[in-house]
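1. The following comprises the amino acid sequence and a computationally predicted model.
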Amino acid sequence: MSREVLVIGAGLAGLNCAKILKEKGFQVKILEASSRSGGRMATDFVDGFTLDHGFQVVNPAYTELISNNVVEKLDLTPLPKGIEIQIGNRFMLLGDPRKSLSYLPGDLSARSGNLLEKLRFVQFLIRKAPEGDLGTALNGAGVFYQRVIRNFLMGVFLSDPDFVSAGMAKELLYWFVKGNPGLPRTGAQALPNALAQDLEIEFDTRVTKITESGVVTNDGVRKSDFVVVAADEVFARELLNQKSVQMNSSTTWYHAVELGEVESKHLRLDASHGAVNTIALSNVVRDYAPSGKTLISTTTLKNQSEEQIKSVLSRIWQIPESKFQYIKHYEIRNSLPKHPPGKPLLSPVKVSERVFAAGDYLAVPSQQGALLSGRLAAEALSAKS
């Protein structure tokens, strides 16, 4: 007789855990508090626009995505492997010269940092990660780190990169170098939707307590042999009576302009103007906006009004404020778990003999980390049965 497992939460960690356990012969049911799967990966469709809850890309190089055979189901369009960043009074294009020689002038320009600084950054990537924070580890990269890498990573970590773990930062940078992130044709939620296929998920079911024989939910008691807590980080820690996880917050704004007003496909950075990054998504995937429109996504870390954001966008894209049509914005209170120096790249997933945990707060804060933690929880549970 197969053993029963209840997985709490249908985010990436919970979905991957459930999928692996099902393949191992367990009877698995996912209990999801909301009306959809995906956790932080959510997509809305508003008046012909595709709006993700946060600017999210999918890296097809992630080993957990490859092992799940889902990449081909996402219909990914790769983003250009470069960025546009304002240095002085103009934007400079920098990127991976293996993809396009058009990046070479910016890569070699002293305005983006001298050659020694860039070599020190490469050394950081290929050597063992030092202990401590990223700011200290890349102090020798000087202007190149401060003007380019730091500004880029602010949008990755949704916090000041100076104070994150150097080891964690190196791990995520490795994946950016290795892969070419892209946009799913139907939005970021396409990934959890693909993982959720053939899994039993009970929506609108909130777990309030873990018991010796199962869980208590908003509509009754559920019994099981094992429980995997893969809910959002804050709620998971409450359920497990563990110390809370520090989280970063962010806001993603969506505006439309007339087709042709913005022609760039690159991520544009200019933290000095109040936005972490901004990009014309529908220039990459045309389906993200209706005919005649261009959809622009902008990420900020500070609370700003609609008028302030339009002013920021006008300065960055160098077109009048009146050109930007507000669509929607998402204030994401718990965007990403913090990963300070000293925190390991992998934390234990076993809570007790019958309770396990999964989530990217137990690994590297990323899709890869969430999926990997789900796998590790499934493997640890399976080894106990």
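-> Perfect, thanks for sending it. Values in this document were obtained by computation on a predicted structure and should not be read as measured data. Numbering: from 1, shown residues only.
2. Show me the protein divided up by domain.
-> What automatic domain parsing lists as the domains of the chain is 4-42+189-246+340-384, 44-61+182-187+247-337, 82-178.
3. tell me how far the ends of the first one are from each other?
-> One end of domain 4-42+189-246+340-384 sits 13 Å from the other (CA to CA, to the nearest Å).
4. and it, average pLDDT?
-> Averaged over domain 4-42+189-246+340-384, pLDDT sits at 96.
5. Can you give the distance of stretch 78-96 from its chain's centre?
-> 21 Å (CA atoms, centre = their mean, to the nearest Å).
6. Quick one: end-to-end distance for it.
-> 14 Å.
7. Contacts for that stretch next, please.
-> Residues outside stretch 78-96 that contact it (CB atoms under 8 Å, 6 or more residues apart in numbering): 57, 99-100, 102-103, 105-107, 109, 111-112, 147-148, 151-152, 177, 180-183, 264-270, 272-273, 279, 284, 316. Bear in mind the C-beta positions are built from the backbone N, C-alpha and C, glycine included.
8. From the contact counts, what lies against the lengthiest helix in the chain?
-> For the chain, the longest helix by residue count, based on DSSP state H, is helix 367-384. If you count contacts as 3 or more CB pairs under 8 Å, 6 or more residues apart in numbering; DSSP states H and E, helix 367-384 packs onto helix 12-23, helix 63-68, strand 226-229, strand 355-357.
9. buried sites along that helix?
-> 367-378, 380-382 (16 or more other CB atoms under 10 Å).
10. Please list the residues outside that helix that contact it.
-> 5, 11-18, 20-21, 24, 26, 39, 41, 58-59, 62-65, 68, 175, 191, 226, 228, 230, 346, 349-350, 353-354, 356-360, 362-364.
11. rewinding a little: so which of the domains of the chain is the most surrounded?
-> domain 4-42+189-246+340-384 (a mean of 20; mean count of other CB atoms under 10 Å).
12. How far does that domain sit from its chain's centre?
-> How far domain 4-42+189-246+340-384 lies from its chain's middle: 18 Å, per CA atoms, centre = their mean.
13. Spell out the residue ranges of the helices in this structure.
-> 12-23, 63-68, 104-108, 115-126, 134-137, 142-144, 150-157, 166-178, 190-196, 233-239, 281-284, 306-317, 367-384.
14. Turn these into TSV, including distance to L94.
-> Formatted as TSV, these follow (distance: least, CB to CB, whole Å):
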stretch	distance to L94
helix 12-23	30
helix 63-68	27
helix 104-108	4
helix 115-126	10
helix 134-137	19
helix 142-144	10
helix 150-157	9
helix 166-178	13
helix 190-196	28
helix 233-239	33
helix 281-284	18
helix 306-317	16
helix 367-384	24
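15. for those, which one sits closest to L259?
-> Nearest of the helices of the chain to L259, taken as CB to CB: helix 281-284 at 8.5 Å.
16. What is the closest one packed up against?
-> strand 293-300.
17. neighbouring contacts of the strand it packs on?
-> 48-50, 52, 54-55, 155, 158, 250-262, 274-283, 288-289, 309, 312-313, 317, 324, 327.
18. and if we set it to 7 Å?
-> 49, 55, 155, 250-259, 261-262, 274-283, 288-289, 309, 313 (CB atoms under 7 Å, 6 or more residues apart in numbering).
19. and it, how far from the chain's centre?
-> Worked out by CA atoms, centre = their mean, strand 293-300 lies 17 Å from the chain centre.
20. closest one to K209 among the helices of the chain?
-> helix 233-239 (7.6 Å).
21. just checking, what packs against that closest one?
-> Under the contact criterion of 3 or more CB pairs under 7 Å, 6 or more residues apart in numbering; DSSP states H and E, helix 233-239 touches strand 325-337.
22. as a whole number, average confidence for the strand it packs on?
-> For strand 325-337, the per-residue pLDDT averages 96.
23. just stretch 142-156 next, same as before
-> 95.
24. Can you give me the end-to-end span of that stretch?
-> Stretch 142-156: ends 20 Å apart by CA to CA.
25. How about L173: what's its closest non-neighbour residue?
-> L125 (6.2 Å; CB to CB, 6 or more residues apart in numbering).
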